[in-house]
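S.K.: Predicted coordinates and the sequence they were generated for:
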Amino acid sequence: MWYYAYLITYCLQMLAKKVDTLNKAMEVEAKKMRREIAAMEKEFAAVRLEKEQESKAKRLGNLKGPGSSSQTISGRYAL
């Protein structure tokens, strides 16, 4: 009878070790995923900022462009 109790205790200990190993592996994978997500968010923010700067530059270019061309056209008519 004591043999079965020892066997059950041993099996439970082995299962507990496997559960601990699995939990540690899951924690490692979760940390990897968090790092990857943070890197992707950082890259996304950089791309978004770059696009915002490009669109701002285009808007500024459009505002300056027609004003200078109208001055040259009115200058032509003045001659």
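M.R.: Looks like it came in fine.
S.K.: And the pLDDT at residue 25?
M.R.: Here the pLDDT value assigned to residue 25 is 98.
S.K.: what's the burial count for it?
M.R.: 10 (other C-beta atoms under 10 Å). Heads up, the C-betas are built off the backbone N, CA and C, glycines and all.
S.K.: Would you mind measuring from it to residue 12?
M.R.: Separation of residue 25 from residue 12 (C-beta to C-beta, to the nearest Å) stands at 20 Å.
S.K.: Ok, residue 28 next?
M.R.: Applying C-beta to C-beta, the value for residue 28 to residue 12 is 25 Å.
S.K.: try residue 48
M.R.: Going from residue 48 to residue 12 by C-beta to C-beta gives 53 Å.
S.K.: Kindly report the same for residue 2.
M.R.: In terms of C-beta to C-beta, residue 2 sits 16 Å off from residue 12.
S.K.: For the two, indicate the residue with more neighbours.
M.R.: Using other C-beta under 10 Å as the criterion, residue 2 and residue 12 rank with residue 12 on top: 10 against 6.
S.K.: Tell me where the protein has helices.
M.R.: Here the chain has its helices, by DSSP state H, at 2-78.
S.K.: what about it, any weak spots by pLDDT?
M.R.: 64-79 (pLDDT under 70).
S.K.: ok, now with 90
M.R.: 1-3, 55-79 (pLDDT under 90).
S.K.: What is the burial count for residue 48?
M.R.: Applying other C-beta under 10 Å, we find 10 residues neighbouring residue 48.
S.K.: no, scratch that, I was asking about residue 62
M.R.: Applying other C-beta under 10 Å, we find 10 residues neighbouring residue 62.
S.K.: separation between it and residue 36?
M.R.: Distance from residue 62 to residue 36, by C-beta to C-beta: 39 Å.
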